[in-house]
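>>> with the sequence up front, the predicted model follows.
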Amino acid sequence: MERAREILTGSPARWWHPLEDGRIQCDLCPRDCKLHEGQRAACFVRANQGGMMILTTYGRSSGFCIDPIEKKPLNHFYPGSSILSFGTAGCNLACKFCQNWDISKSRDTDRLMDQASPAAIAQAAQRYHSHSVAFTYNDPVIFAEYAMDTADACHALGIQTVAVTAGYMHLPAAHDFYAKMDAANIDLKAFTDEFYFKLCVGHLQPVLDLIAYVHHETDCWIELTTLLIPSHNDSDGELKALAAWCYKELGPDVPLHFSAFHPDYKLDAPATPPTTLAHAREIAMSAGLRYVYTGNVHDRAGDATYCPGCGKPVIERDWYEILGYALDDTGHCKHCGTAIAGRFGHFDRPFGAQRIPVHLGT
């Protein structure tokens, strides 16, 4: 018996074109998925319905939560502020070490129980006094239309927007997407194509191209994160190459976060020792990078922001708690007057390490 065809519903999507054989090709990311009628792309949420691309998760979320901005992680984008975070389901990479695999690898769109329009999300952020909204948990590249519409609604209310992403996106689509993002944390998962191919089913160069494009051609503030996995991407040679690329292509002021891996999903590897993160931080700073952080471990020195002028700490942190703040409202060091790279404003009472789940309904 022929299997019944899945009935797909969703919102019209962008960045695709028809092929001569009747299929359509997705032009959003380097996977270039070519889809027959009713077929889903590798990300699972973009599909061919009636000869057109649709986004099946538009307006549907896996949940909403108020977080500290430092959790994204962003240490130079309005430190101490709160951010309304949400995601959908699916992903356009296939990382064997995914830390949010229950969401990003989900093939059950019924788990998307929270429904919210872009306007409702912006209004919720305003209601909860969040400075910004984050598109996170799974990669916002694959729900770009939903994220962009939400960004428009947020900006209308004076709320900023943040993308937490692996950066696996074609540049023409990125031109449209990052024009609407105020900040982004982009994963630079490793600095070898072998790692990307074997562990992520992707390639390194498109990510490097995307990072350079966003930094040089847009107004979006960026910070980078590399999850260090023992024996996979933590060798001195690779870390030196990564840091050298960042310094040469981006300059000394783009913050770099080295984060600790913990065993999850399909990758059998040990947890990252704190000494590995501290060593990576030393390598990156020796290469000339001014703002290098450690994450997923307790490391007060690796959490702090230091002034490149006088060397004194200007933001002291303990995990997501801000313990000391020595910047003026324009982001200058109160000790010596040196400008700190980033986006800053009036600093009052920090949001702290709270995590507040919220429910939205329309």
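Noted; the coordinates are in hand.
>>> for burial, what's the neighbour tally of residue 261?
Residue 261 is flanked by 21 other residues according to other C-beta atoms under 10 Å. For every residue, glycine as well, the C-beta is placed using N, CA and C.
>>> residue contacts, it?
Taking C-beta atoms under 8 Å, 6 or more residues apart in numbering, we find residue 261 in contact with 97, 227, 228, 229, 230, 269, 271, 272, 296.
>>> in the helix or strand hosting residue 277, which residues are buried?
Following DSSP states H and E, one finds residue 277 within helix 274-286. Within helix 274-286, the residues that count as buried by 16 or more other C-beta atoms under 10 Å are 276, 277, 279, 280, 281, 283, 284, 285.
>>> where's residue 27 relative to residue 92, distance?
For residue 27, the distance to residue 92 (C-beta to C-beta, to the nearest Å) stands at 12 Å.
>>> for the protein, what's the longest strand?
Determined from DSSP state E, the single longest strand within the chain is strand 221-228.
>>> that strand - contacts with which helices or strands?
Applying 3 or more C-beta pairs under 8 Å, 6 or more residues apart in numbering; DSSP states H and E, one finds that strand 221-228 makes contact with strand 183-187, helix 205-217, strand 256-260, helix 274-286.
>>> as a whole number, average confidence for it?
Averaging pLDDT along strand 221-228 yields 98.
>>> residue 225 touches residue 295, doesn't it?
Yes. Between residue 225 and residue 295 there is a contact at 7.2 Å, judged by C-beta atoms under 8 Å.
>>> find residues that contact each of the two.
Listed as contacting both residue 225 and residue 295 by C-beta under 8 Å, 6+ apart are 73, 257, 258, 259.
>>> any of the contacts of residue 261 buried? List them.
Buried among the contacts of residue 261 (16+ other C-beta under 10 Å): 97, 227, 228, 229, 269, 272, 296.
>>> what helix or strand does the residue nearest to residue 35 when sequence neighbours are not counted sit in?
The shortest distance from residue 35 to any non-neighbouring residue, by C-beta to C-beta, 6 or more residues apart in numbering, is to residue 48 (4.0 Å). Remark: residue 48 resides in strand 46-49, with elements defined by DSSP H and E.
>>> and that strand, what does it pack against?
Using 3+ C-beta pairs under 8 Å, 6+ apart: strand 46-49 touches strand 52-55.
>>> domain assignment for this structure?
As assigned by automatic domain parsing, the chain contains the domains 11-55, 60-297, 304-346.
>>> for residue 358, find the nearest of these.
domain 60-297 (4.9 Å; C-beta to C-beta).
>>> measure the closest one end to end?
End-to-end distance for domain 60-297, by C-alpha to C-alpha, to the nearest Å: 33 Å.
>>> and if you look at stretch 89-99?
Terminal residues of stretch 89-99 lie 14 Å apart, using C-alpha to C-alpha.
>>> mind starting the numbering at 9 from now?
Sounds good: first residue 9 from here, last item stretch 97-107.
>>> which positions within it qualify as buried?
Within stretch 97-107, the residues scored as buried using 16+ other C-beta under 10 Å are 97, 98, 99, 100, 101, 103, 104, 105, 106.
>>> what do you get for stretch 212-222?
Along stretch 212-222, these residues count as buried under the neighbour rule (16+ other C-beta under 10 Å): 212, 214, 215, 217, 218, 219, 221, 222.
>>> ok, stretch 312-322 next?
Quick answer for stretch 312-322 (16+ other C-beta under 10 Å): 312, 313, 314, 315, 316, 321, 322.
>>> please name the nearest non-neighbouring residue to the first one.
Translated: residue 312. Excluding its sequence neighbours, the residue lying closest to residue 312 (C-beta to C-beta, 6+ apart) is residue 321, at 4.7 Å.
>>> ditto for the last one
Computed as C-beta to C-beta, 6+ apart, the closest residue to residue 322 that is not its neighbour in sequence is residue 334, at 4.6 Å.
>>> can you check the third one too?
The shortest distance from residue 314 to any residue other than its chain neighbours is 5.5 Å, reached at residue 321 (C-beta to C-beta, 6+ apart).
>>> pretty sure the one you found sits against residue 313.
Yes. In terms of C-beta under 8 Å, residue 321 counts as a neighbour of residue 313; the distance is 6.8 Å.
>>> about what we covered before: for the buried residues of stretch 212-222, which one is nearest residue 76?
Using C-beta to C-beta, the buried residues of stretch 212-222 come closest to residue 76 at residue 222, 23.2 Å.
>>> who are the contact partners of that closest one?
Counting by C-beta under 8 Å, 6+ apart, residue 222 touches 175, 182, 186, 192, 194, 228, 230.
>>> what helix or strand is residue 163 on?
According to DSSP H and E, residue 163 maps onto helix 152-164.
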